[in-house]
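*Asks:* Here is the input, now give the coordinates:
(one chain, ligands or ions: 2)
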Amino acid sequence: MRSFIEGMPKAELHVHLEGTLEPEHIFSLAQRNGIELDYKTPQDVIDAYNFHDLPSFLSIYYAAMGVLREEQDFYELAYQYFEKVATENVLYVELFFDPQAHTSRGVAFATVIDGIHRAQLDAEKNLGIQSRLIMCFLRDLSAESAMEHLEMARPYLERIVGVGLDSDEKDNPPLKFAEVFKRARELGLKLTMHCDVNQKDIVAHLWQCLNDIQVDRIDHGVNALEDEAMCDEIAQRGLGLTVCPVSNRFVVQSLTATEIRTMLQKGMKATVNSDDPAYFRAYMNDNFIALQEEGDFTRDEIVQLSRNAFEVAWIDDVQRKRFLQALDSYAADTA
Ligand code: HPA
Ligand code: ZN
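*Replies:* Residues are numbered from 1 along each chain as shown. Ligands and ions are numbered 1, 2, ... in the order given. The predicted structure is shown next:
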């Protein structure tokens, strides 16, 4: 199963660019940008990663990204991620980025998006990996700030496929951003939002995503299983759920294999993703392999999870068919 998973064509739909910042890179960027770190070695950084919930993760995540300052820094960050997942047979990526976490430190929006965009072009040319960008708003900041950043993105709209909502979910419901997401929809962008595992009011947040915001996808969304009518609605609409098994383990001490299998059985389009792979120390293959082991997933179930990602990806149907053919041929050739 391990080698089957490693060779399988995959798409990643839930990965935060800033969550791919590896400890060694934190050190090299700190040195280049003349930034003093609280840690002496990359291993010291890893040793500090004792997350147990969303806030404890986010405080380290925001502190570390302070080393990202120049266009080249964002280029390297994105390119290194693409290089890594190209070795894992990831064919397609939808990449989140958090512009507010950079503009708030005096880094221009253009610096961030130009660096990432250049890496996307090079990754397509050199590594054959295709990608699109999802701009996330930080839900613990104001709706006004989110709207300002949507305005900032206007000159770059053809580089962005959708908008998302991340950061601290407690008391920051989807409805807080209803206007911003309505505007994003008018601008032709796809909509997704985090409904993180076991957050306060999570089932209410999920219903807001479905009924008020009318999202095109849900990030995480494992708690939908608590509501039978919600499961039916998600299955019927064919909405993708971007589940992140290793990330979940930091919050619920399980890879949520049972829940993921239940989603598949209910016809919900669950997918497997890494979320913040440098922090959770697991990229795509590690997520799939650990999940398969915990849940004793069959080959068919693993292929279905990968198929779901291509089916719910924000790509055109020609491209989708090409990716699905690659997956089908792989499954047939290795049967
Ligand atoms: N949840 C919320 N915000 C985040 C995450 C996440 O998993 N990763 C980076 N920002
Ligand atoms: Zn996430």
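
*Asks:* pLDDT at the residue of the chain positioned farthest from its centre, what is it?
*Replies:* Using C-alpha atoms, centre = their mean, the residue of the chain lying farthest from its centre is Ala335. It sits 30.4 Å away. Each residue has a pLDDT score; the one for Ala335 is 84.

*Asks:* what sits opposite the residue in the chain positioned nearest to ligand 1 in the beta ladder?
*Replies:* When scored by C-beta to the nearest ligand atom, the chain has Asp166 as its residue closest to ligand 1, at 3.5 Å. (Glycine included, C-beta is placed from N, CA and C.) Bridge pairing for Asp166 (DSSP bridges) gives the partners Leu138.

*Asks:* right, and it touches Leu138 too?
*Replies:* Yes: assessed by C-beta atoms under 8 Å, Asp166 is found in contact with Leu138 at 6.7 Å.

*Asks:* Of these two, which one has the most company?
*Replies:* Asp166 (26 against 21; other C-beta atoms under 10 Å).

*Asks:* got a list of what that one touches?
*Replies:* For Asp166, the contact set (C-beta atoms under 8 Å, 6 or more residues apart in numbering) comprises 16, 96, 98, 136-139, 194, 219.

*Asks:* Where does pLDDT dip in the stretch 151-300 of the chain?
*Replies:* Applying pLDDT under 70 to the stretch 151-300 of the chain flags no residue at all.

*Asks:* repeat for the stretch 1-150 of the chain
*Replies:* In the predicted model, the stretch 1-150 of the chain carries no residue with pLDDT under 70.

*Asks:* 90 instead?
*Replies:* By pLDDT under 90, the weakly predicted segments of the stretch 1-150 of the chain are 38, 45, 48, 50-53.

*Asks:* need the residues of it near ligand 1, please.
*Replies:* Contact residues (C-beta under 6 Å from any ligand atom) of the stretch 1-150 of the chain with ligand 1: 16, 19, 54, 61.

*Asks:* among those, which are in helices?
*Replies:* 54, 61 (DSSP state H).

*Asks:* any chance of the residues of the stretch 1-150 of the chain next to ligand 1 in TSV, with neighbour count too?
*Replies:* Below are these laid out as TSV (neighbours: other C-beta atoms under 10 Å):
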residue	neighbour count
His16	24
Gly19	23
Leu54	22
Tyr61	22
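
*Asks:* Is it possible to get TSV of the residues of the stretch 1-150 of the chain next to ligand 1 that adds distance to Glu294?
*Replies:* As requested, these are arranged in TSV below (distance: C-beta to C-beta, whole Å):
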residue	distance to Glu294
His16	23
Gly19	22
Leu54	22
Tyr61	25
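
*Asks:* quick one: contacts for Leu133?
*Replies:* For Leu133, the contacting residues are 94-95, 97, 113, 116-117, 120, 159-161, by C-beta under 8 Å, 6+ apart.

*Asks:* That one belongs to a strand?
*Replies:* Yes: per DSSP: H, G, I helix; E, B strand; the rest coil, Leu133 lies within a strand segment.

*Asks:* now the end-to-end length of stretch 85-101.
*Replies:* Start-to-end span of stretch 85-101 (C-alpha to C-alpha, to the nearest Å) is 24 Å.

*Asks:* buried sites along that stretch?
*Replies:* By neighbour count with 16 or more other C-beta atoms under 10 Å, stretch 85-101 contains the buried residues 85-86, 88-101.
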